[in-house]
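**Q** Structural data only, the sequence is not supplied:
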């Protein structure tokens, strides 16, 4: 008997018909409890304003029966299929094709992204969507520094996004500073908040770190809501100036870019301009992150994720290492926030809820923690894919959720789970995700 | 002569609540010598190590490290990463603590963090790709290559550390500690889990480190073949106190040591000690 062939016994042993029925009954029971209120009873506001309800036991029975039958079918399918592993689900030639695609995917995507405004010039909707996707790609890359490289679980990333957005909005509306002056300021202010958050959480790990960062995100939002005199409270800040091209506004007026170039003005010019601004910002984030990974600080981040105690034994100051990770991630969040403010022209606390943090974190985890390409693909899937499901109407969230679950079953460590080394002597070979740690916060 | 001591532990005391893990322990480790700290399980050896390497702050006593240049550093006042960064004391762990998801080469590069951090101008020079940074990085890679060659792992430099066999991981951890260019190398059971051939190679590695780098070594070890063969001085602990000290041959025949290791029956104990390789 060879040890490598041994499989977990529960997967190898076929279940008897009795236990299949038992499993199906349990599933049906759970379905009955769940659906008896969700489907069995329907309530609506009556004509007099009172609540009226009626029962739908037929539908309920059909649903429970479907769960019972479906459970049996799935169990039989599972026995027929055998244990799931990569080689069975994805045949070798397909894997080879994937490897080929993988090598050319990043350059191809980059070229395509540059051409998006050319290809879709007439389709405002696609351009807006592309800007949105790129904003999340940038946020994902920023959070990737904290979560993916340093292994610190940050649930309050939106705080830095908000700090960046409000920094620009307030500096621009109160002092008339231009976007290009405010952009670095927004990044610096966000990084400052990142360090401020970093100090109290230095000693925390894992779940505790997650809770404190989550609270920090909420605190920033609540401060924005309640500090009415500065931030305008729930009304937000409006009339945020649009970015200019070296001082030339992209407007229809005589001093606008179109007039100066002698071409007809079109509102699309500004959208295309914004597209290239966020693309440049995102690529800057990517470039800096890739460079940092190959510098001692980046290696220290990854070492911190792998084993903090060993880092200390090697003389690495874990405090400053963690703080720089927080600050770097926050700075990119701040840049993205400033861009968000200038694109929208209006910001309010509603744009910076926990949901945004969760979405960006989902992008990082789904992409494969630490992988730049993976995060970009995940942002495209999450934001673009969500738009694709618009046709499903009220089932949109359901379809989206199922897609996420399936993706995580297929790729538990994210789309691109392996890690590429930062330095090599002979061969640059990827490191399997089984070995790479996720960090303990 | 106190000049010959790299490490002087004086009346070291470590309490955890009501438990006294190390009680009034004093010993010295001589420069460019291998000092072994032995004792039965639970004798407090690793606690002593954690005090020396800054993972614990001692409840009492002093730990003095004297460098070649005459600097004397009070280790009990430093903590955490400063022990390695300023006092140049490196350590390995009883249960190997490599960075499993990083390659062998990357592990050795992380060990040179502080030197590389300076060379990269606290990251900024590195970010703009200054030539001085590239030279420093190349030197760091060369140093890592030398150590990989010495531990016979050059061919596996680009493999993940977590994928290496157990014995290779042990040696890689020692090489990683040496890449911090320490004055004192503390090894916590370096031979644990190694077979006879591997522990033979380990002996040679440690002897060559002492001879070529001039690094003083302090080691905890259960494997008597390692202790007896390479150590110059042996300190024996039991229940947190020192029970014997001296050259390996003397300690080996000390009845108190034999009793501590094998219980009261000395006749039997001597027989077992003699038969050990």
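**A** Structure's in. What do you need? Since the structure is predicted, the reported quantities are computational estimates derived from the model, not experimental observations.
**Q** ranges for the helices of chain B?
**A** With DSSP state H applied, chain B shows helices at B:45-52, B:81-85, B:104-111, B:113-119, B:124-127, B:131-150, B:166-178, B:196-208, B:224-230, B:248-252, B:255-262, B:266-275, listed in chain order.
**Q** which of the ones you listed is buried the deepest?
**A** helix B:104-111 (a mean of 28; mean count of other CB atoms under 10 Å in any protein chain shown). Just so you know, the C-beta spots here come from the backbone N, C-alpha and C atoms, and that holds for glycine as well.
**Q** Run through who's touching it.
**A** A:296, A:299-300, A:303, A:311, A:314, A:316, A:421-425, B:98-99, B:102, B:116, B:140-141, B:143-144, B:147-148, B:153, B:156-159, B:161, B:164, B:172, B:175-177, B:179-180 (CB atoms under 8 Å, 6 or more residues apart in numbering or on different chains).
**Q** hmm, try it at 7 Å
**A** A:299-300, A:303, A:314, A:421-425, B:98-99, B:140, B:144, B:147-148, B:153, B:156-159, B:161, B:164, B:172, B:175-176, B:179-180 (CB atoms under 7 Å, 6 or more residues apart in numbering or on different chains).
**Q** coming back round to it: comparing the helices of chain B, which yields the minimum mean pLDDT?
**A** When the helices of chain B are compared on mean pLDDT, helix B:266-275 scores lowest, with a mean of 57.
**Q** Return the residues in contact with the residue in the stretch 101-250 of chain A that chain B sits nearest to.
**A** Closest to chain B within the stretch 101-250 of chain A is residue A:151: 10.3 Å, counting by CB to the nearest CB. Applying CB under 7 Å, 6+ apart, one finds that residue A:151 lies in contact with A:304-305, A:437-440.
**Q** Shouldn't it be within a helix?
**A** No - using DSSP: H, G, I helix; E, B strand; the rest coil, the assignment for residue A:151 is coil, not a helix.
**Q** now residue A:164, what's its secondary structure?
**A** Per three-state DSSP, the secondary structure class of residue A:164 is helix.
**Q** Now the stretch 251-400 of chain A against chain B: closest residue?
**A** Closest point on the stretch 251-400 of chain A to chain B, by CB to the nearest CB, is residue A:315, at 3.2 Å.
**Q** That residue contacts residue B:86, doesn't it?
**A** No - if you go by CB atoms under 7 Å, residue A:315 and residue B:86 don't touch, sitting 8.1 Å apart.
**Q** Please identify which of these two sits among more neighbours.
**A** Counted by other CB atoms under 10 Å in any protein chain shown, residue A:315 and residue B:86 do not tie: residue A:315 has more neighbours, with 24 against 14.
**Q** Output the set of residues of chain B in proximity to chain A.
**A** Residues of chain B found near chain A (CB under 7 Å from any CB of the partner chain) are B:53, B:80-81, B:84-85, B:91, B:97, B:99-103, B:105-106, B:109-111, B:113-114, B:116-117, B:120, B:123, B:126-127, B:141, B:145, B:157-158, B:160, B:162-163, B:180.
**Q** please redo it, this time with the cut-off set to 6 Å
**A** By CB under 6 Å from any CB of the partner chain, the residues of chain B that approach chain A are B:80-81, B:84-85, B:91, B:97, B:99-101, B:103, B:105-106, B:109-111, B:113-114, B:116-117, B:120, B:123, B:126-127, B:157-158, B:160, B:162, B:180.
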